[in-house]
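[1] here's my sequence, what's the structure:
(4 chains)
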Number of protein chains: 2
Amino acid sequence: MKSVIPLMTTEVKTACSQCNLRELCLPFGLDPRDVDQLDELVGSRRKIKRQQHLYRSGEVFEAIYAIRAGSFKTDVILEDGRDQVTGFQMTGEVLGLDGISTEHHSCNAIALEDSEVCVIPFSRLEELSRQVESLQHQFHKIMSREIVRDHGVMMLLGSMRAEERLAAFLLNMSQRFTARGFSPSEFHLRMTRDEIGSYLGLKLETVSRAFSRFQEEGLVAVQQKHIRILDTPGLKRLLNHHVA
Amino acid sequence: MKSVIPLMTTEVKTACSQCNLRELCLPFGLDPRDVDQLDELVGSRRKIKRQQHLYRSGEVFEAIYAIRAGSFKTDVILEDGRDQVTGFQMTGEVLGLDGISTEHHSCNAIALEDSEVCVIPFSRLEELSRQVESLQHQFHKIMSREIVRDHGVMMLLGSMRAEERLAAFLLNMSQRFTARGFSPSEFHLRMTRDEIGSYLGLKLETVSRAFSRFQEEGLVAVQQKHIRILDTPGLKRLLNHHVA
DNA sequence: GAACGGTATTGATGTGGATCAAAGGGCTCC
DNA sequence: GGAGCCCTTTGATCCACATCAATACCGTTC
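    Numbers count the residues shown, from 1 in each chain, chains lettered A, B, ... in the order given. Here you go, the predicted model:
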């Protein structure tokens, strides 16, 4: 065991090897020796207050971000003002991959609560992943996972009815909270009904009604943003047993 | 300059450096010297007949595919039989990126016409992109572009009405045909109304009616799968001037 | 060149979710 | 700790698209 006496800096050293999120984040699956090499990867940390932008659509892309604490939403805005939430991100997840393609961000990333991210300069990531095979592979997996997730959302938006969409959303949130060591059945949503609606292609009233309906049917207990899932199999049944 | 006298083989050497699609494909933006290195990248070519699968959801992932000729659709199928087309791909575009994340494909890729692909063993791509920086970067851009495209589809599915979706689809097709040296205004769709509908989150009847309406309004001339765009600005206006 | 099956068009009707509206509740910020 | 405002819920009505249905068309195959 190494010394735990901290040096006299308020700025804690940014080190993947010391991060308790590494099993969810970029270093996942890396040999401990490789993780040590990652410690030069993170440029700095950055705190983002609730409702503030981590980056905006159109800005020059220079880094991707790993969420250390808090949560975010990403959205796309059309000229005519319509907007669409494209995702919600929690700790350990990576933000900014959209910017690689054109070297400009193509969406906005906004903190849902006071948050902190690790800034990973992209050129450094590319450089390091040319040297560390396992990092390269893990990074590719993360990008691919985002593509697969997006396909799931397309399925949801293109083929599911309102209550199915919300059930899928709740099950997904539950699963992600579980992966982070939280309760699978009880959690606090950081986003509004409007934001959930935007993500699910529904109006906020429809989201609210679906929640009320789930409550009536004993599937969940809803108290504003606090959710208790009472019948996970019931929610899953809602998804799979689709009656045409 | 190397000898250009071909050996006596019917099997043409698979060579990115000789391919007229390289400006659309993986080698895009690479220094000619680097492109030469890519010639060992493509394992083989594979012909796929119309309606046949290039790969299926659940299959082990080993390679990505660059389309040399023809076109494909990708779709996701739920247990209850519902399916969603997640994309249409044309020459020079890359298929199979979904498989990296779990080492299994997560969607089906089906040829819309008799087609041919270059098989790119993924381990070889990763190896080579550790050596060739420009290849690495181009590959990352391609993955990122897919993510950005998916966000566009989410916007379409989540926030647009039927005619806007179809207009967006037609403009997108036009733009991609243009990039391949074909007419921007006249082209042949390879997919059915049902497949377009699935992609756009609409029923085939709705797609058909939207086509008829565009025709009435003089925006396009439609004859089954043959499309002539008569008023591109008109289609664009349909997209941007959304009246809430 | 006739027959067939998959594809497309068009019409009539139904419905899920949007829209409009109003009231209640809780969080945030001073 | 209180005021204000945003967020949420619920009800009434509307409408875009789905569904059901029938016919027409086209490319393919023998």
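
[2] just want the most central residue of chain A.
    Among the residues of chain A, the one closest to the centroid is residue A:89, at 1.6 Å (CA atoms, centre = their mean).

[3] quick one: contacts for the closest residue to that residue other than its chain neighbours?
    Leaving aside its sequence neighbours, residue A:89 sits nearest to residue A:72 (CB to CB, 6 or more residues apart in numbering or on different chains; 4.6 Å). Bear in mind the C-beta positions are built from the backbone N, C-alpha and C, glycine included. Listed by CB atoms under 8 Å, 6 or more residues apart in numbering or on different chains, the contact set of residue A:72 reads A:48, A:54, A:88-89, A:95, A:109-112, A:115.

[4] output those residues in TSV; the columns should cover pLDDT and secondary structure.
    Output for the contacts of residue A:72, formatted as TSV (pLDDT from 0 to 100; DSSP: H, G, I helix; E, B strand; the rest coil):
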residue	pLDDT	secondary structure
A:48	93	strand
A:54	96	strand
A:88	97	strand
A:89	97	strand
A:95	97	strand
A:109	97	strand
A:110	96	strand
A:111	96	strand
A:112	95	coil
A:115	94	strand
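
[5] how about these, which pair is most distant?
    With distances taken as CB to CB, the most widely separated pair in the contacts of residue A:72 is A:48 and A:88, at 14.8 Å.

[6] quick one: contacts of the helix or strand of chain A with the lowest mean pLDDT?
    When the helices and strands of chain A are compared on mean pLDDT, DSSP states H and E, helix A:32-38 comes out lowest with a mean of 84. Residues outside helix A:32-38 that contact it (CB under 8 Å, 6+ apart) are A:16-17, A:22, A:26-27, A:30, A:128, A:131-132, A:134-135.

[7] one more time with 6 Å, if that's ok
    Contact partners of helix A:32-38, identified using CB atoms under 6 Å, 6 or more residues apart in numbering or on different chains, comprise A:16-17, A:27, A:132, A:134.

[8] where along chain A do the helices fall?
    Under the criterion DSSP state H, chain A contains helices at A:32-38, A:122-131, A:133-159, A:162-179, A:193-200, A:204-216, A:232-240.

[9] where does chain A have low pLDDT?
    Across chain A, the ranges flagged by pLDDT under 70 are A:1-13, A:242-244.

[10] what parts of chain A come near DNA strand D?
    A:192-194, A:204-205, A:207-209, A:211-212, A:222, A:224-225, A:244 (CB under 7 Å from any atom of the strand).

[11] go again with 6 Å.
    Contacts of chain A with DNA strand D, taken as CB under 6 Å from any atom of the strand, map to A:192-194, A:204-205, A:208-209, A:211-212, A:222, A:224-225.

[12] of those residues, closest to residue B:172?
    Nearest member of those to residue B:172, counting by CB to CB, is residue A:194, at 28.5 Å.

[13] check contacts around that closest one.
    The contact partners of residue A:194, taken as CB under 6 Å, 6+ apart, are residue A:204.

[14] measure it to residue A:83 for me?
    10 Å (CB to CB, to the nearest Å).

[15] just to revisit the earlier point, now the residues of chain A next to DNA strand D: which count as buried?
    A:193, A:208, A:211, A:222 (16 or more other CB atoms under 10 Å in any protein chain shown).

[16] the contacts of helix A:32-38 in strands, which ones?
    In strands, judged by DSSP state E, none of these are found.

[17] most neighbours out of those residues, which is it?
    For these, the largest number of neighbours (other CB atoms under 10 Å in any protein chain shown) sits with residue A:27, at 26 neighbours.

[18] these two touch, right, it and residue A:16?
    Yes - when contacts are counted by CB atoms under 6 Å, residue A:27 is listed as touching residue A:16 (4.8 Å).

[19] does residue A:103 touch residue A:62 like I think?
    No - using CB under 6 Å, residue A:103 is not in contact with residue A:62, being 8.6 Å away.

[20] next up, the contacts around the closest residue to residue A:15 other than its chain neighbours.
    Leaving aside its chain neighbours, residue A:15 sits nearest to residue A:39 (4.6 Å; criterion: CB to CB, 6+ apart). Residue A:39 makes contact with A:15-17 under the criterion CB under 6 Å, 6+ apart.

[21] from residue A:95, how far off is residue A:39?
    20 Å.

[22] let's have the residues of chain A next to DNA strand D in TSV, adding distance to DNA strand C.
    Compiled in TSV, the residues of chain A next to DNA strand D are given as follows (distance: CB to the nearest atom of the strand, whole Å):
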residue	distance to DNA strand C
A:192	11
A:193	11
A:194	11
A:204	8
A:205	4
A:208	9
A:209	8
A:211	13
A:212	13
A:222	11
A:224	5
A:225	7
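
[23] picking that back up, residue A:103 and residue A:62 - which one has more neighbours?
    Taking other CB under 10 Å, residue A:103 and residue A:62 do not tie; residue A:62 has more neighbours (16 against 12).

[24] tally of neighbours for residue A:65?
    Look at residue A:65: counted by other CB under 10 Å, it has 25 neighbours.

[25] doesn't residue A:92 make contact with it?
    No - using CB under 6 Å, residue A:65 is not in contact with residue A:92; the gap is 11.5 Å.

[26] in the sheet, who's paired with the residue nearest to residue A:89?
    Judged by DSSP bridges, the bridge partners of residue A:72 are residue A:89, residue A:111.

[27] from DNA strand C, how far off is it?
    16 Å (CB to the nearest atom of the strand, to the nearest Å).

[28] got it, and residue A:137?
    On the measure of CB to the nearest atom of the strand, residue A:137 and DNA strand C end up 40 Å apart.

[29] for residue A:57, same thing?
    Distance from residue A:57 to DNA strand C, counting by CB to the nearest atom of the strand: 23 Å.

[30] hmm, that residue is touching residue A:104, no?
    No - the criterion here is CB under 6 Å, and residue A:57 misses it with residue A:104 at 8.0 Å.

[31] residue A:119 - how many residues pack around it?
    18.

[32] any idea what it is bridged to?
    residue A:44, residue A:65.

[33] list the contacts for it?
    Shown in contact with residue A:119 (CB under 6 Å, 6+ apart): A:43-44, A:46, A:63.

[34] repeat for residue A:206
    Taking CB under 6 Å, 6+ apart, one finds residue A:162 in contact with residue A:206.

[35] just residue A:162 next, same as before
    A:202, A:206, A:210.

[36] nearest residue to the last one other than its sequence neighbours?
    Among residues not flanking residue A:210 along the chain, residue A:166 sits closest, at 4.5 Å (CB to CB, 6+ apart).

[37] was I right to think the one you found contacts residue A:212?
    No - applying CB under 6 Å, one finds residue A:166 not in contact with residue A:212, separated by 11.0 Å.

[38] a markdown table for the contacts of residue A:162, including distance to residue B:123?
    As requested, the contacts of residue A:162 are exported to a markdown table (distance: CB to CB, whole Å):
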| residue | distance to residue B:123 |
| --- | --- |
| A:202 | 42 |
| A:206 | 46 |
| A:210 | 45 |
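
[39] and residue A:57, what is it in contact with?
    A:105-108.

[40] 8 Å instead?
    A:76-77, A:105-108.

[41] and for residue A:128?
    Residues near residue A:128 by CB under 8 Å, 6+ apart: A:37-38, A:40-41, A:135.

[42] could you rerun that using 7 Å?
    Residues in contact with residue A:128 (CB atoms under 7 Å, 6 or more residues apart in numbering or on different chains) are A:37, A:41, A:135.

[43] just residue A:144 next, same as before
    Neighbour list for residue A:144: B:97-98, B:100-101 [criterion: CB under 7 Å, 6+ apart].

[44] rerun that using 10 Å as the cut-off
    Going by CB atoms under 10 Å, 6 or more residues apart in numbering or on different chains, residue A:144 touches B:61, B:96-103, B:106, B:143, B:146-147.
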